[in-house]
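Asker: Sequence first, then the predicted structure:
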Amino acid sequence: MENFKTFQTKLNELRKEKKLSYMKLGKQIKVSQMAIMRWEHGENEPTLTNICQLCDYFEVTPNYLLGYTDNPNG
């Protein structure tokens, strides 16, 4: 996936902006802390459902999270 690095970077930045640990973010979107860690380190890819949960939680668009735009709202 060409934009996966961008996803990893953006997820890490968003998580750190909110001062969330892997565990806290995992609890918020109902996945394990290991899932969050693996997404950020490129070991696994999130499902579409997970991407939607992250976008809802961080209030950003999928296009932003996946690196298709630099605008979080569109």
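Answerer: Sure, I can see it.
Asker: residues touching the residue nearest the centre of the chain, list them.
Answerer: Among the residues of the chain, the one closest to the centroid is Leu11, at 3.7 Å (CA atoms, centre = their mean). Applying CB atoms under 8 Å, 6 or more residues apart in numbering to Leu11 gives the contacts Ile36, Trp39, Glu40, Leu54, Leu65. Just so you know, the C-beta spots here come from the backbone N, C-alpha and C atoms, and that holds for glycine as well.
Asker: What score does it have for pLDDT?
Answerer: With respect to pLDDT, Leu11 has a value of 97.
Asker: can you tell me how far it sits from Glu43?
Answerer: 13 Å (CB to CB, to the nearest Å).
Asker: picking that back up, where does the residue nearest to the centre of the chain sit: helix, strand or coil?
Answerer: helix (DSSP: H, G, I helix; E, B strand; the rest coil).
Asker: Can you find the helix or strand in the protein with the smallest mean pLDDT?
Answerer: helix 4-17 (a mean of 90; mean pLDDT, DSSP states H and E).
Asker: tell me which residues in that one are buried?
Answerer: By 16 or more other CB atoms under 10 Å, the buried positions in helix 4-17 come out as Phe7, Gln8, Lys10, Leu11, Leu14, Arg15.
Asker: go on, stretch 21-29?
Answerer: Residues Tyr22, Leu25, Gly26, Gln28, Ile29 are the ones in stretch 21-29 that count as buried (16+ other CB under 10 Å).
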